[in-house]
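Colleague: I would like the atomic coordinates for the input below:
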Amino acid sequence: MTSWLAALGVLVIAAPGAAQQQRYLDQLPPLIDRELFFGDPEISGAQISPNGEFISFRKQHLGVMNIWVKRIDEPFEAARPMTADTTRPVSGYFWSQDSRYMLYVQDKGGNENFHVYAVDPRDPPEGATGVPAALDLTPYGEVQARIYAVPEATPDEILVGINDRDAQVHDVYRVELATGERTLVLRNDENVAGWQTDLEGNVRLGVRVDEEGNSLILRVDDDALTEVYRCSNEESCGPVRFHKDGRRVYMITNKGDGVDLTRLVLFDPATSALEFVESDPERQVDFGGAAFSDVTDELVATVYVGDRVRIYPKTDEVAHDLAVLREKLPEGELSFGSSTEDENLTIVYVSRDVDPGSAYLYNRATEDVELLYRSRPSL
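Modeller: Model prediction:
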């Protein structure tokens, strides 16, 4: 009896507290569904075709993130799906240099056999899928194909790595986008993990990691691969893009005594001459990234990511673009996406604490900025 009365007393005493707590909870705003934060964005990955005819993006179709496209003057409601994968999102894609094809890499249902596909956005949809037919450029069964280069010099061809001869390494092929016909460019007999082309699409360098974890940069000669640069497993180094002079290559490296943060350098594979270009002016973070003009092939900006994203323009034109965008766009982290071949139209992204990402179209000639979409408008 005593224990029962004691328990009743606890309930009586606790009841007012529980009621007060419930009143407090009732006054709180509703919880935001975590799917809005961690699920797929409504739209993402906007790109503009090099000729400025199309804007493409990723959006759900058949319950999975697929590629969509619309003409630049159409509303997003008029967009059409280009892919119809129902099991795995299409994570990334490219435009061919002549704007004829959209290129993407995808496997089948998560089997890790990645093939390269080309789809023409002007083709009509097929009845069975509701999207245009895609051409498999690498129809070789159990392979993991990868795109190495989409050269401006050869807009109807791309360079692709295919491991159908030996599953452990990728040989380099030149593949015609219209037919899928391939031509062997370089047979990989030395366990090279990646290749670097010059601006004309010629394979000039390879990167290999040895048994000790050292990174080796190899020059592609007529009949052999020659080591021209090496960094230890406690350092990092790798090519970024060839200079417009065709001789030197931009590299990111922190090789050297007393060097901690990575920096941008110019390296000559023929002479091993190395020229410092830039490191973080604030000496806080590694080198973040480099932007190049597709018109002049010049370095036009460098980027560092610390507490905030810092962009350092290298030309008066880009400095002016940044000033215009920072005046017209909301304050936040600014980044540049794809541009038209004349660089007049550019996709620009802004993210901030109250907006995980919005895409804008910037017209350099008129200085107009048009909102394309907010990636998570429900937030």
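Colleague: any idea how far apart the tips of stretch 254-266 sit?
Modeller: In stretch 254-266, first residue to last residue: 13 Å (Cα to Cα, to the nearest Å).
Colleague: tell me the buried residues in that stretch?
Modeller: Neighbour counts over stretch 254-266 (16 or more other Cβ atoms under 10 Å) mark Asn254, Lys255, Thr262, Arg263, Leu264, Val265, Leu266 as buried. In short, each C-beta sits where N, CA and C put it, glycine included.
Colleague: same deal with stretch 103-110?
Modeller: Under 16+ other Cβ under 10 Å, the buried positions of stretch 103-110 are Leu103, Tyr104, Val105, Gln106.
Colleague: now flag whichever of these is closest to Asp171.
Modeller: Closest approach to Asp171 among those (Cβ to Cβ): Val105, at 16.7 Å.
Colleague: dump the residue contacts of the most centrally placed residue in the chain.
Modeller: By Cα atoms, centre = their mean, the chain has its centre lying nearest to Gly92, at 7.1 Å. Residues near Gly92 by Cβ atoms under 8 Å, 6 or more residues apart in numbering: Gly45, Tyr104, Val105.
Colleague: before we move on, back to that, nearest to Lys70, of the buried residues of stretch 103-110?
Modeller: So of the buried residues of stretch 103-110, ranked by how close each gets to Lys70 (Cβ to Cβ), first place is Tyr104, at 17.2 Å.
Colleague: wait, that closest one touches Leu135, no?
Modeller: No. Using Cβ atoms under 8 Å, Tyr104 makes no contact with Leu135, being 11.5 Å away.
Colleague: which other residues reach the helix or strand hosting Tyr117?
Modeller: When secondary structure is defined by DSSP states H and E, Tyr117 falls within strand 115-119. Here strand 115-119 makes contact (Cβ under 8 Å, 6+ apart) with 67, 82-83, 96, 101-107, 131-140, 143, 145-147, 158, 160, 175, 177, 180.
Colleague: please redo it, this time with the cut-off set to 7 Å
Modeller: Residues outside strand 115-119 that contact it (Cβ atoms under 7 Å, 6 or more residues apart in numbering) are 82, 101-106, 132, 134-139, 145, 147, 160, 177.
Colleague: write the PyMOL selection for whichever of those are buried.
Modeller: Here is the PyMOL command that selects only those of the contacts of strand 115-119 that count as buried (16+ other Cβ under 10 Å):
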select buried, resi 82+101+102+103+104+105+106+132+134+135+137+138+145+147+160+177
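Colleague: inside strands: which ones of the contacts of strand 115-119?
Modeller: When DSSP state E defines the strands, the subset of the contacts of strand 115-119 inside them is Met102, Leu103, Tyr104, Val105, Gln106, Ala134, Leu135, Asp136, Ile147, Val160.
Colleague: quick check, nearest of these to Gln196?
Modeller: Of the ones in strands among the contacts of strand 115-119, the one sitting nearest to Gln196 (Cβ to Cβ) turns out to be Ile147, at 13.4 Å.
Colleague: my guess is that closest one contacts Glu157. True?
Modeller: No. Here Ile147 lies out of contact with Glu157, judged by Cβ atoms under 7 Å, at a distance of 11.7 Å.
Colleague: which element is Val175 on?
Modeller: Applying DSSP H and E, one finds Val175 within strand 171-176.
Colleague: and the residue nearest to the centre of the chain, what pLDDT?
Modeller: At Gly92, the model reports a pLDDT of 89.
Colleague: where does pLDDT dip in the protein?
Modeller: Residue ranges of the chain with pLDDT under 70: 1-17, 33-39, 379.
Colleague: let me see the domain layout of it.
Modeller: Residue ranges for each domain of the chain read 40-188, 190-279, 284-379, as given by automatic domain parsing.
Colleague: what's Val309 in contact with, if anything?
Modeller: Val303, Glu333, Leu334, Ser335.
Colleague: do that again at 6 Å, thanks
Modeller: By Cβ atoms under 6 Å, 6 or more residues apart in numbering, Val309 lies in contact with Glu333.
Colleague: can you pull up the bridge partners for it?
Modeller: Counting by DSSP bridges, Val309 is bridged to Val305.
Colleague: and it, how far from Gly194?
Modeller: 26 Å (Cβ to Cβ, to the nearest Å).
Colleague: could you do Arg352 as well?
Modeller: In terms of Cβ to Cβ, Arg352 sits 35 Å off from Gly194.
Colleague: now the residue nearest to the centre of the chain: phi and psi?
Modeller: phi -160, psi 160 (degrees, to the nearest 10).
Colleague: ok, Leu325 next?
Modeller: Dihedral angles (degrees, to the nearest 10) for Leu325: phi -70, psi -40.
Colleague: how about the contacts made by it?
Modeller: Here Leu325 is in contact with no residue (Cβ under 6 Å, 6+ apart).
Colleague: element containing the residue lying closest to Glu142 once chain neighbours are set aside?
Modeller: Once flanking residues are discounted, Glu142 sits nearest to Asn113: 5.1 Å by Cβ to Cβ, 6 or more residues apart in numbering. Secondary structure assignment for Asn113, by DSSP H and E: no helix or strand.
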